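A.B. asks: A structural model of the following input is requested.
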Amino acid sequence: MVLQRSPYQAKLWGYASPGDVVTIVIKEQVPSKPNLPSYQLQDSVRPDGKWLISLPPVSAGGPYRIEVTSSTDRTVLTDVMFGDVFVCAGQSNMEFTVSSTFKQIYTNAMKESGSGNYSRVRMFTVGSNARKGSIPQQAFQEIDQKWNQTSRSAVEMFSAACWFFGRDLYNKIKVPIGLVSTSWGDSKIECWLPSKAFKQCPGAGTCVTALVSADRDLDPRPPQPEWNPSFLWNANVAPMVDMAIRGILWYQGESNLEDLEYYKCAFPALIEGWRKEFQSHPEQLPFVFVQLHPFPGTLAIPQLRLDQVEVLHSVPNVGMISAVDLGDATSPFQQIHSRRKLEIGHRLASQIGHMVYGGTTSFQYPNATRANQMAEYGRPCEVMVEFDPATLPDGGLSLLKNNSCPREVGDKRMCRSLEVMLGGEWEPAFAYKLVANKTHLVVNAPGCRNRRITDVRYLYGAWPVSTVFSREGLPALPFWLPVGLGKCNLGKTICGVHQGPHQFHSDWMTRWTKIRLAALAMLCCVVFCCWLCCKRCCRCCRRSARRSSPQAQISPAVDSTLLPTTSTVYNRTLQANSRDFHATRRVA
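C.D. replies: Coordinates of the predicted model:
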């Protein structure tokens, strides 16, 4: 097993006869290591039968031998290490095992899991068949894995996300790591709320929902009568709240898509409630959670991702790792269960390393803060999105333009990356270019047509395609920002020349303009058809007139040379008119 190292005080507790005295002796297990300190501590058993002893701060190392004796019993713990202990909790994606992950996509599972070289990483799995949870329990009702050293069989049946987190963290800090996994497939956040935290957010339903039916493939247990709110906290977490830990990892949310308003209240309450219950930590206990990865569904999925980003920014000492680019379209466990737990574990280790151990390598996800339409600079269909410089410590962004929607995703609209709001409707947009040392993103909206853009959002789809990344390859966080008409302060080369207030065409006028143009086009078609018909009718009339004229009815036997020509008839007419004119003048 692993106990929490200094500067925190690990605790040991148990049960004996009330009034009895319990003695603990801690000493080195291997006599060849005399530098390990020894301790002897005592405590009296309380009236409820429980005893609890806080150990002095012990530096990382071991192994130790711990003897616990009372007047009637004696227990010996061997191979005890002091290091950092982490609790991994959530639903089926945290429960997802190493064997499920790698037997499907890697030919050599243990080559990736590396079980043989991590003997100082220890694992403990809380049982998943608890039956009592109406009140906080004093002991676990079932244990799937007792404290184990790393072995092939132990790793294969352990939480994949939790294991790869512990493995990568050990590679960074080289101290013993204790991993405690407690998860339950298909569980809602109400299951994990302590009773005090549960009272902050009324309106909860039952613990387990049938919304995510895919969880039943991994968790075929039928619902139990006691699966009420706080059930899993009481059964699977409350028995270990006296344990000193270094942090909490959380991977849950898929089962709360039906009631996002409750989740917005319950998630911060859960973080606060867990921190209060694990009282051994003098400051705010580090809490890191996984943002939902892509899987098909409704728009409740991206909205819950935005709610998770809000928790990241509003609750102190909280970290979030984004999995929005870690979808698994070909997962045999359905797409809601991504097998890409290796990347998730790596990101969890990097996030904890950044928050807890202050590593030199920064670990930040690009976060957009403001957006402005560039209409007053002659580019009305472009939006400038500004990112927080603190989330770009290494100097900028990068674009991945060849990322595409998996063919297994039925509705391609779920893969939209960037969208802009035009006239109350969302239109697709795309990342055009990066400017200002690659700290600002220019979004182009082809369907703008000189209209006012009111909002811009990124990765607001059930299976969005990530296109914006940090230099370290971390995806930009999803965002939904109002678009203003603020001044651009990046210079004429980037912004262009300011042209004053821009006059946008209103959407109402745009629709009426389309109607008028359509009517005009129809009228032109009608006029053209009428003209064409009249032209043809005139031709027909002229042909009929020529056929019915006297000239056309002359017998072919008559010599045509004897007939007067047109010019002869015209000259004779002029001569007759002239004679009539002169005769009239003489009479006058």
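
A.B. asks: in the stretch 401-550 of the chain, which spans are strands?
C.D. replies: With DSSP state E, counting those that start in this stretch as the criterion, the stretch 401-550 of the chain has strands at 418-422, 425-435, 440-444, 453-458, 468-470, 479-484.

A.B. asks: Distance check, L306 against E283.
C.D. replies: 28 Å (CB to CB, to the nearest Å). To be clear about C-beta, it is placed using only N, CA and C from the backbone, and glycine gets the same treatment.

A.B. asks: same thing with R5?
C.D. replies: Per CB to CB, R5 is found 16 Å from E283.

A.B. asks: With neighbour numbers in mind, choose between those two.
C.D. replies: R5 (23 against 8; other CB atoms under 10 Å).

A.B. asks: Tell me if I'm right that the more buried one and I173 touch.
C.D. replies: No - because the distance of 10.7 Å does not satisfy CB atoms under 8 Å, R5 is recorded as not touching I173.

A.B. asks: Do a quick rundown of the helices in the stretch 1-150 of the chain.
C.D. replies: Counting by DSSP state H, counting those that start in this stretch, the stretch 1-150 of the chain has helices at residues 92-95, 98-105, 109-113.

A.B. asks: Could you export the shortest one as PDB, CA atoms only?
C.D. replies: Going back to what we said before, that points to helix 92-95. Only the C-alpha atoms of helix 92-95 are listed here, as PDB (Å, rounded to 0.1, in the frame of the first residue of the first chain):
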ATOM      1  CA  SER A  92     -17.800   4.000 -17.000                       C
ATOM      2  CA  ASN A  93     -15.000   5.900 -18.800                       C
ATOM      3  CA  MET A  94     -13.100   6.000 -15.600                       C
ATOM      4  CA  GLU A  95     -14.000   2.300 -14.900                       C
END
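
A.B. asks: Can you name every helix or strand that it contacts?
C.D. replies: The contact analysis (3 or more CB pairs under 8 Å, 6 or more residues apart in numbering; DSSP states H and E) places helix 92-95 against helix 160-173, strand 177-183, helix 215-218, strand 247-251.

A.B. asks: Can you give me the buried ones in it?
C.D. replies: Of the residues in helix 92-95, those with enough neighbours to count as buried (16 or more other CB atoms under 10 Å) are 92-95.

A.B. asks: wait, what's in contact with the residue nearest to S54 when sequence neighbours are not counted?
C.D. replies: Once flanking residues are discounted, S54 sits nearest to Q9: 4.8 Å by CB to CB, 6 or more residues apart in numbering. Counting by CB atoms under 8 Å, 6 or more residues apart in numbering, Q9 makes contact with 54-57, 244, 280.

A.B. asks: same thing but at 6 Å, please
C.D. replies: Under the criterion of CB atoms under 6 Å, 6 or more residues apart in numbering, the neighbours of Q9 are 54-55, 57.

A.B. asks: Kindly report the same for L326.
C.D. replies: Residues in contact with L326, defined by CB under 6 Å, 6+ apart, are 293, 338, 340, 343.

A.B. asks: Phi and psi next, for it.
C.D. replies: Note on L326: its backbone torsions stand at phi -120, psi 40 [degrees, to the nearest 10].

A.B. asks: Point out where this protein drops to low pLDDT.
C.D. replies: The model of the chain has pLDDT under 70 over residues 31-35, 103-116, 130, 204-227, 280-282, 359-362, 505-514, 549-588.

A.B. asks: Could you tell me which strand of it is the longest one?
C.D. replies: When the chain is parsed with DSSP state E, its longest strand is strand 74-90.

A.B. asks: Count residues in the vicinity of S134, would you?
C.D. replies: 12.

A.B. asks: distance of V45 from V76?
C.D. replies: Distance of V45 to V76, given as CB to CB: 19 Å.

A.B. asks: try G133
C.D. replies: G133 is 32 Å from V76, where distance means CB to CB.

A.B. asks: the more surrounded of these two?
C.D. replies: In this view G133 and V76 are compared by other CB under 10 Å, and G133 has more residues nearby, 23 against 10.

A.B. asks: Was I right to think the more buried one contacts W233?
C.D. replies: No - using CB atoms under 6 Å, G133 is not in contact with W233, being 7.8 Å away.

A.B. asks: So what touches stretch 128-142?
C.D. replies: 126-127, 184, 226, 231, 234-235, 238-239.

A.B. asks: Could you point out which of the residues you listed is nearest to Y432?
C.D. replies: Among the contacts of stretch 128-142, W184 lies closest to Y432 (CB to CB), at 45.1 Å.

A.B. asks: what's near enough to touch the closest one?
C.D. replies: Contacts were defined as CB under 6 Å, 6+ apart; by that measure W184 touches 128, 232.

A.B. asks: So it versus N148, what's the distance?
C.D. replies: With distances taken as CB to CB, W184 is found 21 Å from N148.

A.B. asks: same thing with C529?
C.D. replies: From C529 to N148 the distance is 87 Å (CB to CB).

A.B. asks: cool, and F504?
C.D. replies: Distance from F504 to N148, by CB to CB: 65 Å.

A.B. asks: Chain neighbours aside, what residue packs nearest to S159?
C.D. replies: Using CB to CB, 6+ apart and skipping residues adjacent in sequence, the residue nearest S159 is S181, 4.3 Å away.

A.B. asks: Look up the residues forming beta bridges with V76.
C.D. replies: With DSSP bridges as the criterion, the beta-bridge partners of V76 are E67.

A.B. asks: Count the residues that sit near E67.
C.D. replies: E67 has 15 neighbouring residues, counting by other CB under 10 Å.

A.B. asks: Please apply the same query to F278.
C.D. replies: 19.

A.B. asks: Tell me which residues touch it, please.
C.D. replies: Contacts here follow CB under 6 Å, 6+ apart; on that basis F278 touches 241, 285.
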